[in-house]
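**Q** Here is a sequence with its predicted model. Questions after.
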Amino acid sequence: MNESTEAMRVALVQHAMGPVPEQNLATSLDAIAEAADHGAQLVILPELHVTEYFCKAQDPALFDLAEPLNGPTCSALAECARECRVVVVGSIFEHRAPGLAHNTAIVLDRDGQMAGYYRKMHIPDDPGYYEKYYFTPGDQGFEPIDTSLGRLGVLVCWDQWFPEAARLMALAGAELLIYPTAIAYDPNDPADEQSRQLDAWQIIQRAHAVANGIPVAACNRVGHEPDRTSGQYPAEFWGHSFVCGPQGELLAEASDGAEILYAEIDRSRSERIRRVWPYLRDRRTDAYQGLLSRYRD
């Protein structure tokens with residue numbers, strides 16, 4: 001990390017989204033300011049935090065929600081980052097060209113300048129999560145974003161299930177993995193199934209921390225969101241945002257309600273852990289060609 005101090009205070013803004021984008025953005029901006037007042041240096045927002053989760057149905061009119069990289073959300077977040085002197089990780093439905101859109105994480109540095117952006121690479125397509133209809137997969141690969149707080153490995157939601165994405169970010173020098181996300185229960189699922197899904201979501205991401213020797217921060221949204229298109233797929237976003245250290249140890253975990261979660265990350269810990277658990281040293285790069293196959297029949 002670039003700063004001399006070894007401790008970094010991060011804030012994960014876990015909030016609900018309603019039908020009015022301007023109100024959702026205002027909630028995000030107010031939370032950034034509050035987090036900065038409480039000493040946060042890095043503030044992370046959930047996936048698509050300006051709108052309700054709109055991918056429950058395939059509706060071409062919803063492309064009107066998309067905005068360019070330099071659109072109103074980026075401008076507002078940049079001004080807030082500059083005024084509060086914090087690094088902000090936000091999320092937009094990016095209009096790149098007519099008929100071409102992405103699910104894009106944007107990173108604003110403390111001076112309000114855009115440090116970089118990441119276009120979601122893994123795109124789900126399931127009932128109630130029809131993202132392939134709206135989002136073109138990213139074309140940048142897995143490249144960390146350099147900021148005044150260090151090199152951030154920013155990924156988005158469905159990316160969190162793929163160890164390859166986390167590994168490639170780590171191999172490119174990411175010092176912290178960040179996952180803005182929007183993950184929910186199906187309200188019709190029984191309680192034991194909901195519990196298994198939440199456990200799996202945390203376990204896989206904590207495993208990324210362990211396997212790569214770097215911290216992970218996952219910021220989820222919360223609240224009930226109806227399916228305003230077909231009514232078939234309401235969602236209960238489960239919250240439980242968390243931060244873990246390079247051995248997967250939980251540093252902080254949120255509830256299932258709206259809150260700002262704070263955690264202190266020891267920036268020197270990854271170096272110490274990797275010396276004792278040298279996974280990158282012992283990788284058999286000569287024997288992994290099979291990973292480039294869809295499946296080994």
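**A** Sure, I can see it.

**Q** how about the helices in the chain?
**A** Taking DSSP state H, the helices of the chain run over residues 21-37, 72-84, 131-134, 163-171, 191-212, 269-276.

**Q** Which among those helices is found nearest to residue 262?
**A** Across the helices of the chain, the minimum distance to residue 262, taken as C-beta to C-beta, is reached by helix 21-37, at 7.6 Å. Where C-beta positions appear, they are placed from N, C-alpha and C, glycine not excepted.

**Q** follow-up on the earlier one: looking at the helices of the chain, which is closest to residue 100?
**A** Closest to residue 100 of the helices of the chain is helix 131-134 (C-beta to C-beta; 10.7 Å).

**Q** Check the model's average confidence along the closest one for me.
**A** For helix 131-134, the mean pLDDT works out to 98.

**Q** what's next to it, contact-wise?
**A** Contact with helix 131-134 is made by 54, 55, 58, 62, 63, 93, 101, 103, 123, 124, 125, 158, as judged by C-beta atoms under 8 Å, 6 or more residues apart in numbering.

**Q** what about the last one, distance to residue 179?
**A** For residue 158, the distance to residue 179 under the criterion C-beta to C-beta, to the nearest Å works out to 10 Å.

**Q** returning to what we had before: compare the contacts of helix 131-134 and tell me which is most surrounded.
**A** Using other C-beta atoms under 10 Å as the neighbour test, those are led by residue 103, with 29 neighbours.

**Q** List the beta-bridge partners for that one.
**A** Beta-bridge pairing for residue 103 (DSSP bridges): residue 93.

**Q** can you pull the contacts of it?
**A** Taking C-beta under 8 Å, 6+ apart, we find residue 103 in contact with 47-48, 91, 93-94, 119-120, 123, 131, 134-135, 156-157.

**Q** the strands in the stretch 151-297 of the chain, which residues?
**A** Taking DSSP state E, counting those that start in this stretch as the test, the strands found in the stretch 151-297 of the chain are 176-181, 184-185, 216-220, 222-225, 235-238, 242-244, 250-253, 259-266.

**Q** Once you drop chain neighbours, what's closest to the most centrally placed residue in the chain?
**A** The C-alpha lying nearest the average C-alpha coordinate of the chain belongs to residue 180 (C-alpha atoms, centre = their mean; 1.8 Å). Closest residue to residue 180 apart from its sequence neighbours, by C-beta to C-beta, 6 or more residues apart in numbering: residue 47 at 4.4 Å.

**Q** Show the model's pLDDT score for the one you found.
**A** So residue 47 comes in at 98 (pLDDT).

**Q** since we're on it, how many residues are nearby?
**A** Close neighbours of residue 47, defined as other C-beta under 10 Å, add up to 22.

**Q** where are the low-confidence patches of the stretch 1-150 of the chain?
**A** Applying pLDDT under 70 to the stretch 1-150 of the chain flags the ranges 1-5.

**Q** Show me the strands in it, by range?
**A** 7-14, 42-44, 87-97, 100-108, 114-119, 145-147, 150-154.

**Q** circling back: what about the helices of the chain, which gets the closest to residue 294?
**A** Among the helices of the chain, the nearest to residue 294 by C-beta to C-beta is helix 163-171 (12.7 Å).

**Q** just to revisit the earlier point, of all the contacts of helix 131-134, which two lie farthest apart?
**A** Spatial extent of those (C-beta to C-beta) is set by the pair 63 and 158 at 19.9 Å.

**Q** what's the neighbour count on residue 113?
**A** Neighbour count for residue 113, taken as other C-beta under 10 Å: 13.
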